[in-house]
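Participant: Show me how the following folds:
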Amino acid sequence: MDAADFSAVLSEVRRFVRERVVPLEAEIDEKDEMPADIREAAKKMGLFGFALPEEYGGLGLSMHEEARLMFELGYTTPSLRSMFGTNNGIAGHVLMVGGTEEQKAEWLPRIASGDALASFALTEPEAGSDPSTLTTRAHLDGGTWVINGAKRYITNAPLADVFMVFARTDPDAPRTRGISTFLVPAGTPGLTVGARDHKMGQFGAWTADVYFDDVRVPASALVGGEAGLNRGFSTAMGCIAHGRVHISALMVGMAERLVDESVAYASTRRQSGRLIGSFQLVQGLIADSQTDYYAGRATVLEAATAFDAGTDTKIGPSCAKYFASEMVWRVADRAVQIHGGAGYMRGVAVERFYRDARLFRIYEGTSQIQQVIIAKALLGEAARG
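Facilitator: Purely as a prediction, here's the structure:
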């Protein structure tokens, strides 16, 4: 995007986040729901398709531009980003990376505009950190694919219009092969969405289990057509790598907000007749958090630059996700500590962000999985012993 145009987009998003969403954070957390007017405003701003190609109605941002946009979106409740994150990220990218031209033409404009909400149905009760062990299956019955299985913790499932479903289509193939992806519209007979999950945090972002009981879809629902048969795992991994840089940038934005909340509180709260910001131990907490924030921002931008160049689409995303998720958790913990007893009270921003931040060390690949990915990529054969 032209630099001036992109600067205007950032300014508009920053104003939207800070003037319209931040004042609603407590309400969103309490009601566990994103207001309809915020959703409509996000549609009009193009936020449902910022990472999708311009030819399909998206903004076509590069990974570096996307990271900078996520810094702004991360300043508020992560449920805002979650509302349109899967359209831009792991779900939308399934079609971008592996879809046929017909599939892209049918779905991407609707996904980019926000008229269709997409969900990425990969995780299962026994296949989380290692999705190659998934047990959902699909077999051909004449010209129809029949899908059976269950998915867990699927973001936006209660609201989704279409699911990108990963299923094993060749049970005899090695685990990372023999998996395919299917486009399954909501309302397809046999597809059932369970009750919304009751989570620790990130209220307003809905997840649920999804069940497939003899769900029948036409041959045209196979993502990529015949060329996409048994290539679902590699498609998923490519989408997840992009998603790791994306979510890492969100965490940097949250860290910035937590530093701001910490500074504001330490600048006004008094103890023993003094502002707590005058105590060196409090100053140390704030300095550590600001340093973490700077390091996270630099790490994400470096990973985004390499991702755009195609020079690192594996180690960089994992390093960024690992560092940023651990970083924002440290910053959130310090923010609560700086607030003292007030930081443990509902209705205080840092208490909410503390709950929200905990999930980042788990989804998009746990911190431990990122360690394994990074180490194996560097060690090669030596990692096998």
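Participant: For this protein, which segments are assigned as helices?
Facilitator: Along the chain, the stretches classed as helices by DSSP state H are 3-16, 25-31, 36-44, 63-73, 78-88, 90-98, 101-113, 232-266, 280-309, 315-339, 349-358, 367-379.
Participant: Output the shortest one in CSV with nothing but the alpha carbons.
Facilitator: What it means is helix 25-31. The C-alpha coordinates for helix 25-31 follow below in CSV (Å, rounded to 0.1, in the frame of the first residue of the first chain):
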residue,chain,number,x,y,z
GLU,A,25,-14.0,-2.8,27.2
ALA,A,26,-15.6,-3.3,30.6
GLU,A,27,-19.0,-3.8,29.0
ILE,A,28,-17.7,-6.2,26.4
ASP,A,29,-16.0,-8.2,29.2
GLU,A,30,-19.1,-8.2,31.4
LYS,A,31,-21.6,-9.1,28.6
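Participant: List of residues touching it?
Facilitator: With C-beta atoms under 8 Å, 6 or more residues apart in numbering as the test, helix 25-31 has contacts from 34-35, 76-77, 79, 203-204, 347, 349, 352. Where C-beta positions appear, they are placed from N, C-alpha and C, glycine not excepted.
Participant: rewinding a little: and the helices of the chain, which one is worst for confidence?
Facilitator: Mean pLDDT values for these show the minimum at helix 90-98, a mean of 91.
Participant: Would you mind getting the angle between it and helix 78-88?
Facilitator: When axes from the mean of the first three to the mean of the last three C-alpha atoms, to 10 degrees is applied, the directions of helix 90-98 and helix 78-88 differ by 20 degrees.
Participant: Could you list every helix and strand in contact with helix 90-98?
Facilitator: helix 101-113, strand 118-121, strand 162-168, helix 232-266 (3 or more C-beta pairs under 8 Å, 6 or more residues apart in numbering; DSSP states H and E).
Participant: Centre-most residue in this protein?
Facilitator: I247 (5.0 Å; C-alpha atoms, centre = their mean).
Participant: Now do the contacts for that one.
Facilitator: Shown in contact with I247 (C-beta under 8 Å, 6+ apart): 70, 85, 321, 324, 360, 363-364.
Participant: For those, please prepare JSON lines with the additional fields distance to I276 and neighbour count.
Facilitator: Output for the contacts of I247, formatted as JSON lines (distance: C-beta to C-beta, whole Å; neighbours: other C-beta atoms under 10 Å):
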{"residue": "M70", "distance to I276": "31", "neighbour count": "28"}
{"residue": "G85", "distance to I276": "36", "neighbour count": "27"}
{"residue": "K321", "distance to I276": "33", "neighbour count": "33"}
{"residue": "A324", "distance to I276": "28", "neighbour count": "30"}
{"residue": "F360", "distance to I276": "28", "neighbour count": "24"}
{"residue": "Y363", "distance to I276": "34", "neighbour count": "17"}
{"residue": "E364", "distance to I276": "35", "neighbour count": "23"}
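Participant: Let me have the helices of the chain in TSV, extended by distance to K151.
Facilitator: Output for the helices of the chain, formatted as TSV (distance: least, C-beta to C-beta, whole Å):
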stretch	distance to K151
helix 3-16	31
helix 25-31	25
helix 36-44	24
helix 63-73	26
helix 78-88	13
helix 90-98	13
helix 101-113	19
helix 232-266	13
helix 280-309	27
helix 315-339	22
helix 349-358	22
helix 367-379	19
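Participant: which one of those helices lies closest to F166?
Facilitator: Counting by C-beta to C-beta, F166 lies closest to helix 232-266 out of the helices of the chain; the figure is 5.1 Å.
Participant: Leaving out sequence neighbours, find the closest residue to H64.
Facilitator: What sits nearest to H64 in space, not counting adjacent residues and going by C-beta to C-beta, 6 or more residues apart in numbering, is A304, at 4.4 Å.
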